[in-house]
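*Asks:* kindly return the folded structure for what I paste below:
(one chain, ligands or ions: 2)
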Amino acid sequence: MLVLASSLIAGTMIGAAGCSDIQEEDIFVEQNAALGDRLPGTSTNDTNFAAFKANFAATEELEDGLGPIFNAEGCAVCHDAGAIGGASATRIERRYGRFVNGVFDPLGNRGGSLRQLFTVGPFTGLNGQACNPPLEVEPAEATVHNVGRVTTPLFGLGLVDSMPDSFFTGMAASEPSATRGIANIVATVLPNDRDAGQSIGGMRVGRFGWKAGVPNLLQFAADAYLNEMGISTQSCFKGVSVTAFATESAPNGIPQPAGCDDLAPPAPAGVPAGTDDAVGSCAGGITLIQKDIDNFKRFMTNLAPPPRDLSNSGAIARGTPLYDSIGCANCHTRRVFTTPSPAPNGVPSGTNFQPFSDFLVHDMGALGDMIGNAGDSVAVTRRMRTAPLWGVRFRPILLHDGRCGDVTCAIRAHDGQGASARDAFNGLTAAQQSDVVNFVRSM
Ligand code: HEC
Ligand code: HEC
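*Replies:* Ligands and ions are numbered 1, 2, ... in the order given. Predicted coordinates for the structure are as follows:
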């Protein structure tokens, strides 16, 4: 593979002007693991990685804390396309909300903005009582309806998690003003315990999810365990009990009676009642992350980026300059990222990778999903994270709501800051369009 790569793209410089002297063949070596493989060069061995993966692939039941409402029984029920950790061909989540005087209201008191799609249904509770958590429905007040959120792939995201904030803010500053993205800076709720630079409440560039709303993979794991599966957790970070993910979802805002959320054993003393998996007291300043979410984080951190496919060398050679000239690279940058030394989350330092995204949010006009946090303006709800294009050829459905099955359709749906690139693409000849699409499909 290495020989093939260097003979194809020998000596071609890539990346934004002035930012690197790394050659395509170097990236290819490092982005050459098979889909779903362990990231080469980490301290985690195959046995440990297999154990983390098994935890991620496990499905949960009422006795484990699943419910009362949920979207699926395990992470890999959704993240499975191509390999464990992938996107999903079918699982699309649903969100809702409304605008009041031009300000977004996620209808949090009515269970929003995420609408869980399933309930555990009738069962006999821990105290022998009859339980029947209702299915969540979209409340009548919602004016933003049934917005789709496609499952995104997790390959290579440990590399992204290792990058310092300054990398992303620097990238924003270097973008042309018409298409310049915004670094979505958010408060950290659950810091990555491996990264000495993170703290509870510390501000970090959000980089995960369609809206770049989440600052690190560990926090995403705790959030997904609760909001996708209904499994609530508590952890200790430097002596502080993190209970942000310890409260069960309440269908349309109605908490279920004690013992009726699921059949997980009672929580230990000192953690909120009903917490499914808790580490307990944080006395002595300890840091102790709940085991499942820690394992999910380790699986994701050690997941290799998707391999490139450089076989269509003619289309790549013709499509690359077109991709740049019509403006795709302004957001889906060809810049090569290099992990810092030392990498704070334990991935190998000095690793080059090319995710084809700036991980910034852009105003996408009519393509924006109009979902946000409480208090967001209409313009803020139109912001979407530049979708990383690495591995896009393994993706069954595209765009945040899955409306497209191919790259051309996705390009044509761009609007707002993406409108000029879309129009320039539409102005190419059919042969040129096909070269751009085939270049994208080589990522
Ligand atoms: C019901 C399907 C479903 C399940 C189950 C699920 N996910 Fe996801 N996952 C999604 C969707 C949809 C998104 C995009 C969410 C968004 O941006 O709002 C996503 C996004 C993510 C991301 C962000 C990736 C990126 O592109 O930045 C991470 C990390 C993640 N999931 C981890 C997990 C973990 C860990 C679990 C298990 C605890 C899990 N997911 C369970 C559907 C699912
Ligand atoms: C202004 C920034 C910007 C520009 C310019 C831009 N994109 Fe995008 N692109 C995005 C954003 C943001 C998304 C996610 C949109 C969504 O679904 O909400 C996206 C999504 C995509 C997707 C779907 C990926 C997925 O994971 O579903 C493809 C394919 C894509 N872009 C290709 C291109 C190509 C090719 C060009 C050049 C013609 C281009 N884009 C120009 C910002 C941009």
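*Asks:* roughly how far apart are the residue found closest to residue 157 once you drop the neighbours it is linked to in the chain and residue 309?
*Replies:* Computed as Cβ to Cβ, 6 or more residues apart in numbering, the closest residue to residue 157 that is not its neighbour in sequence is residue 300, at 5.7 Å. Backbone N, C-alpha and C define where each C-beta goes, glycine included. Distance from residue 300 to residue 309, counting by Cβ to Cβ, to the nearest Å: 23 Å.
*Asks:* about what we covered before: so the residue nearest to residue 157: helix, strand or coil?
*Replies:* helix (DSSP: H, G, I helix; E, B strand; the rest coil).
*Asks:* ok, it - how many residues close by?
*Replies:* When neighbours are defined as other Cβ atoms under 10 Å, residue 300 has 24 of them.
*Asks:* just checking, it touches residue 221?
*Replies:* Yes. Assessed by Cβ atoms under 8 Å, residue 300 is found in contact with residue 221 at 7.3 Å.
*Asks:* could you dump stretch 203-218 to CSV, C-alpha only?
*Replies:* Output of stretch 203-218 as CSV, limited to C-alpha atoms (Å, rounded to 0.1, in the frame of the first residue of the first chain):
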residue,chain,number,x,y,z
MET,A,203,-13.8,26.2,28.7
ARG,A,204,-12.8,24.0,25.7
VAL,A,205,-13.5,24.1,22.0
GLY,A,206,-16.5,21.8,21.4
ARG,A,207,-15.6,19.5,18.6
PHE,A,208,-17.9,16.5,18.8
GLY,A,209,-21.5,16.0,17.5
TRP,A,210,-23.3,17.7,14.5
LYS,A,211,-23.2,21.0,16.4
ALA,A,212,-19.7,20.6,17.9
GLY,A,213,-21.4,21.0,21.3
VAL,A,214,-19.3,18.5,23.2
PRO,A,215,-15.7,19.1,24.3
ASN,A,216,-14.3,15.6,24.8
LEU,A,217,-15.0,11.9,24.2
LEU,A,218,-15.5,11.0,27.9
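*Asks:* what's the mean pLDDT across it?
*Replies:* Averaging pLDDT along stretch 203-218 yields 98.
*Asks:* now it: buried residues?
*Replies:* For stretch 203-218, burial by neighbour count (16 or more other Cβ atoms under 10 Å) applies to 204-218.
*Asks:* how distant is it from the center of its chain?
*Replies:* Centroid separation between stretch 203-218 and its chain, computed with Cα atoms, centre = their mean, to the nearest Å, is 8 Å.
*Asks:* same check, this time on stretch 110-122
*Replies:* Between the centre of stretch 110-122 and the centre of its chain there are 21 Å (Cα atoms, centre = their mean).
*Asks:* in that stretch, what's buried?
*Replies:* So for stretch 110-122, counting by 16+ other Cβ under 10 Å, buried means 110, 111, 112, 113, 114, 115, 116, 117, 118, 119, 120.
*Asks:* give the full set of residues in contact with residue 411.
*Replies:* By Cβ atoms under 8 Å, 6 or more residues apart in numbering, the residues touching residue 411 are 421, 422, 425, 436, 437.
*Asks:* in a markdown table, list those along with distance to ligand 1.
*Replies:* Below are the contacts of residue 411 laid out as a markdown table (distance: Cβ to the nearest ligand atom, whole Å):
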| residue | distance to ligand 1 |
| --- | --- |
| 421 | 21 |
| 422 | 22 |
| 425 | 24 |
| 436 | 23 |
| 437 | 22 |
